[in-house]
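Colleague: Build me a model:
(chains A and B)
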Protein chains: 2
Amino acid sequence: MDASPDSLAPAVAELVAALPSGVVVATADAVEKYRFDWTHDARAGHPAAVVRAENADHVVATMRWATSHGIPVVPRGAGSGLSGGALAVDGGIVLSTERMRAVEIDAASRVAVVEPGALNVEVKRAAAEHGLWYPPDPSSFEMCSIGGNIATNAGGLCCVKYGVTTDYVLGLDVVLADGTLVTLGGKRVKDVAGLSLLKLFVGSEGTLGVVTRAVLRLVPAQQPPATVVATFPGVAAAADAVIALGRTVRASMVELMDHSSINAVEDHTPMGLNRDAGALLLIQSDAPSAARSDEVAAAVAACEGAGASEVFATDDPAEGELFVRARRLHFTAIEARGHVLPEDVGVPVPQLPALLAAVAEIAIRHDLEIPMVAHAGDGNTHPAIVYPAGDADAERRARLAFDDIMAAAIALGGTITGEHGVGRLKAGSLEAQLGPDVMALNRRVKAALDPHGILNPGSFI
Amino acid sequence: MDASPDSLAPAVAELVAALPSGVVVATADAVEKYRFDWTHDARAGHPAAVVRAENADHVVATMRWATSHGIPVVPRGAGSGLSGGALAVDGGIVLSTERMRAVEIDAASRVAVVEPGALNVEVKRAAAEHGLWYPPDPSSFEMCSIGGNIATNAGGLCCVKYGVTTDYVLGLDVVLADGTLVTLGGKRVKDVAGLSLLKLFVGSEGTLGVVTRAVLRLVPAQQPPATVVATFPGVAAAADAVIALGRTVRASMVELMDHSSINAVEDHTPMGLNRDAGALLLIQSDAPSAARSDEVAAAVAACEGAGASEVFATDDPAEGELFVRARRLHFTAIEARGHVLPEDVGVPVPQLPALLAAVAEIAIRHDLEIPMVAHAGDGNTHPAIVYPAGDADAERRARLAFDDIMAAAIALGGTITGEHGVGRLKAGSLEAQLGPDVMALNRRVKAALDPHGILNPGSFI
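Modeller: Below you'll find the predicted structure:
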């Protein structure tokens, strides 16, 4: 059965003929699994076909074809996005890079040259074979692709010390809307020749071009970390500890779990976390071994000074990893409680208590459970709105809470998205953050690079 | 005496009337010192007037006026640029931000909120009062402005570990060509809402807008560094040491001086450097104190393993600073030898020996002295073409060498500018690096943001 409406059939046939056998799929069954990303949002359209590109030439041919027919293209990595940035559109093409998986390490230049379909974990593993490290570590690092990481400028747990994806992108090959392949940057740590177009494509969520190759900066392998776990009577005290710590030590992890998240994890997998705690901070130091105890002492002092009720420290990486596992279990534990609408708002670090208070108030107002974790050192929080699957009224309340949380972040000088991207789920709230002039600027740049608007239409611009 | 041609007099009178007394200057004497940046390039034009803006409102008024009259505007910071990015144009306006100097530290959010005319050193000092640090450290940090640093995406000596200016810019207020003031980003460490326009303005050399305020990320104060100085028989061995070191240690400084630079410095100020050395590496570790000796040991081992003839290490920051001073003296020492045309090319680190060999060959071919220092850990080199002031033939040969060095860098997969910018001096070589498609992309973005081309015309786009 053909998924494409009759009117598109001749165009799709042309695309099938232009690419090797098996690259284009257009049966309804095959297309179905490319309609959604992780959000499973009902607004996903029915694409006319899916291109599973094997190399840059296939991407070039697809974009040329799309431009000549005016057919929309939704680029897609591993489909693990949390903001609906890769939802298919009706009558469009999904351009998947899942088959472009090559990873090559140039140890002397300390870079990885990767295709966009390679998973984050595959780049980390290849680098580790040379004693090197690719730092960005979104929680989904074992299943998300580098192409998706670049599209969203993904963050993670270690970015409090090591920065986000854009800080590691030295070069990109990008296929533009009209099929032109451009190479930006390269194996050069510093390069200011021309406008910073490289940085413009990072975080552009498939709206400006399709990445077909990336040159990623690597650093020496991370040292095994020491870990501090502290519980606090409330979130405000935990935030005070984060601020005090940030002024003296560059910790490699500063994660927060709120009372509700701690209990959700304990319900799912008893780990011995203190169910009475108002908040838990998980701090790691990866300083060179001789200095680690100094950083741990500073972290313990920051927590105690801020009124921690309990502080535990360990030099044992395996013991520390148990707590990191508890933190990473948050999402799984929450998913076991119902359908989850994941939030990703950020505020200046001193505003964390105000944001968490606002989220607690929103949870009560809409009668919802909203457990939360945060990359606290960066002020980036993930309130997770949980509601019973199939409960239409709860879903309606969840969407109201989703919007209210974004509004609260904006009111506190924050952002609607720290690392997941805007996608379709947050497109309606973007102007409230940016204002009309910056929205207009976004549209001007989009129009300059994709004048026919065929790249990821319906996304944030 | 009025500097502006008669035809511009009515427009300039209108600008004078629109701004407070003293903000606009148009006498030939007053205007003269705003014509040049450090390059003193003869192509500098004669501007109709200079606006010494005191606040964002003055910048808005100037840009509205400039758009309504179609008059070009050259934004200017401290005038310390090395690529001719702030050379005045005939009949245009120079828009100086030298009077916008406010610096405010928000220690809890760990940011500095600064006006563009503030000097880099002033931001460092204000941060230090709170135990915080603004890392980017161009060699000119005592005289260059933050606005200029943002315009060029300036680097420096510590960026091998701490990154460049763009890595520290969290927010910008920018006045666009038509006078619209937009606010991008803010006091948020992570923010992926909308296109990365913030990053697009960093490094745009005044071609897209005028920065009127920046929010800069600060980090905890740097630890006092330990220092390793190693001499090598030749540059190739020094480059091997840099590569070996980079795989194990994140040194906070990895500077190289070649034979000619060592001798130029010794000629100027005898510091006891080894005049016979083929190359000198200056490495620092700012790891927490307990771990510093491990990093020093690793640096010593990397140098010895690569064939260093002499290696000296010291824990004494004052002793280390003497060597940093010798390195920073390079430019002063070179200037004492004649007129200097400073280069700023970069290559992948493993290509450093090939680049240095190419520069040596170019020096011989054009009968010139080209001493060189390099931020070796980043592959970013500064060959300094020296020739006798007033010698027209030598100047001609210097310009040929300048172009040849850029061509050599491009041929080695490098860049024509690592941190100084393209400006007017390198505009003619930009397409050779980027290629026609990427040049066209630069022009499309420029046209989208500055449709009448009034911002810094004659610069790289």
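
Colleague: A:Glu142 versus A:Val121, what's the distance?
Modeller: Distance from A:Val121 to A:Glu142, counting by Cβ to Cβ, to the nearest Å: 5 Å. In short, each C-beta sits where N, CA and C put it, glycine included.

Colleague: And those two? Which one has more around it.
Modeller: Taking neighbours as other Cβ atoms under 10 Å in any protein chain shown, A:Val121 and A:Glu142 compare with A:Val121 leading, 15 against 12.

Colleague: What is the neighbour count of A:Arg125?
Modeller: Neighbour tally, A:Arg125, other Cβ under 10 Å: 12.

Colleague: what's the answer for the one 5 residues further on, then?
Modeller: Using other Cβ under 10 Å, A:His130 has 16 other residues around it.

Colleague: For the closest residue to A:Leu176 other than its chain neighbours, which residues are in contact?
Modeller: Of all residues not flanking A:Leu176 in the chain, A:Gly209 sits nearest, at 5.0 Å (Cβ to Cβ, 6 or more residues apart in numbering or on different chains). By Cβ atoms under 8 Å, 6 or more residues apart in numbering or on different chains, the contact set of A:Gly209 is A:174-177, A:182, A:201, A:449-450, A:455.

Colleague: My read is that A:Pro233 contacts A:Leu280, right?
Modeller: No. Assessed by Cβ atoms under 8 Å, A:Pro233 is found out of contact with A:Leu280, at 11.4 Å.

Colleague: Comparing those two, which shows the higher neighbour count?
Modeller: Legend: neighbour count by other Cβ under 10 Å for A:Pro233 and A:Leu280, higher for A:Leu280 (26 against 15).

Colleague: Quick check: phi and psi on A:Val229?
Modeller: phi -120, psi 130 (degrees, to the nearest 10).

Colleague: Spatially nearest residue to it, not counting backbone neighbours?
Modeller: With Cβ to Cβ, 6+ apart, the residue lying closest to A:Val229 is A:Phe312, at 4.8 Å.

Colleague: between A:Val121 and A:Glu142, what contacts are shared?
Modeller: Contacts common to A:Val121 and A:Glu142, judged by Cβ under 8 Å, 6+ apart, are absent.

Colleague: Just give me the neighbour total for the residue nearest to A:Leu87 when sequence neighbours are not counted.
Modeller: Residue nearest to A:Leu87 in three dimensions, not counting chain neighbours: A:Ala44, with 4.2 Å by Cβ to Cβ, 6+ apart. By the criterion of other Cβ under 10 Å, A:Ala44 has 20 neighbours.

Colleague: Show the pLDDT at A:Ala44.
Modeller: Looking at A:Ala44, its pLDDT stands at 96.

Colleague: Equivalent analysis for A:His375, please.
Modeller: Here the pLDDT value assigned to A:His375 is 97.

Colleague: who touches it in this structure?
Modeller: A:155-157, A:159-160, A:254-255, A:381, A:418, B:190.

Colleague: Please apply the same query to A:Ser285.
Modeller: Contacts of A:Ser285 by Cβ under 8 Å, 6+ apart are A:225-226, A:228, A:249, A:251-252, A:292, A:295-296, A:299.

Colleague: Let's verify the residue lying closest to it once chain neighbours are set aside: helix, strand, or coil?
Modeller: In space, and not counting its chain neighbours, A:Ser285 is closest to A:Glu295: 3.7 Å by Cβ to Cβ, 6+ apart. With DSSP: H, G, I helix; E, B strand; the rest coil as the basis, the three-state label of A:Glu295 is helix.

Colleague: A:Pro225 is in contact with A:Glu295, correct?
Modeller: No. Between A:Glu295 and A:Pro225 there is no contact under Cβ under 8 Å: 9.7 Å.

Colleague: so the residue nearest to A:Leu87 makes contact with A:Ala86?
Modeller: No. Taking Cβ under 8 Å as the definition, A:Ala44 is not a contact partner of A:Ala86, at 9.2 Å.

Colleague: Just give the closest residue to A:Val324, not the sequence neighbours.
Modeller: Excluding the flanking residues, the one nearest A:Val324 by Cβ to Cβ, 6+ apart is A:Leu282, at 6.8 Å.

Colleague: give me the number of residues near that neighbour?
Modeller: 22.

Colleague: List the residues that contact it.
Modeller: A:227-229, A:253-257, A:323-324, A:327.

Colleague: so which of those residues comes closest to A:Arg217?
Modeller: A:Met253 (20.3 Å; Cβ to Cβ).

Colleague: For the closest one, which non-adjacent residue is closest in space?
Modeller: Of all residues not flanking A:Met253 in the chain, A:Gln284 sits nearest, at 3.9 Å (Cβ to Cβ, 6+ apart).

Colleague: List of residues touching the helix or strand harbouring A:Val59?
Modeller: Assigned by DSSP states H and E, A:Val59 belongs to helix A:56-69. Residues outside helix A:56-69 that contact it (Cβ under 8 Å, 6+ apart): A:11, A:14-15, A:18-20, A:23, A:51, A:53, A:71-73, A:93, A:95, A:97, A:173, A:175-179, A:181, A:210, A:212-213, A:452, A:454.

Colleague: Show me how to select, in PyMOL, the buried members of those residues.
Modeller: Listed next is the PyMOL selection for buried residues among the contacts of helix A:56-69, using 16 or more other Cβ atoms under 10 Å in any protein chain shown:
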select buried, chain A and resi 11+15+19+23+51+53+71+72+73+93+95+97+173+175+176+177+178+179+181+210+212+213+454
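
Colleague: Can you name the residue of the stretch 101-250 of chain A nearest chain B?
Modeller: Across the stretch 101-250 of chain A, the shortest distance to chain B (Cβ to the nearest Cβ) belongs to A:Lys199, at 3.6 Å.

Colleague: which residues does that residue contact?
Modeller: Counting by Cβ under 8 Å, 6+ apart, A:Lys199 has contacts A:166, A:169, B:166, B:196, B:199-200, B:202.

Colleague: For the residues you listed, give me TSV that also has secondary structure and pLDDT.
Modeller: Formatted as TSV, the contacts of A:Lys199 follow (DSSP: H, G, I helix; E, B strand; the rest coil; pLDDT from 0 to 100):
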residue	secondary structure	pLDDT
A:Thr166	helix	98
A:Val169	strand	98
B:Thr166	helix	98
B:Ser196	coil	98
B:Lys199	helix	98
B:Leu200	helix	98
B:Val202	coil	98
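
Colleague: Tell me the one of those nearest B:Val349?
Modeller: Nearest member of the contacts of A:Lys199 to B:Val349, counting by Cβ to Cβ, is A:Val169, at 17.6 Å.

Colleague: pretty sure that closest one contacts A:Val211?
Modeller: No. A:Val169 is beyond contact range of A:Val211, at 9.3 Å (criterion: Cβ under 8 Å).

Colleague: residues contacting A:Val215?
Modeller: By Cβ under 8 Å, 6+ apart, the contact list for A:Val215 reads A:111-113, A:169-172, A:185-187.

Colleague: which phi and psi does it have?
Modeller: Dihedral angles (degrees, to the nearest 10) for A:Val215: phi -100, psi 120.

Colleague: In space, what's closest to it - neighbours in sequence excluded?
Modeller: The nearest residue in space to A:Val215 (Cβ to Cβ, 6+ apart) is A:Gly171, at 3.3 Å.

Colleague: For the stretch 251-400 of chain A, which residues score under the pLDDT cut-off?
Modeller: Residues of the stretch 251-400 of chain A that meet the criterion pLDDT under 70 are absent altogether.

Colleague: Thanks again, I'm all set now.
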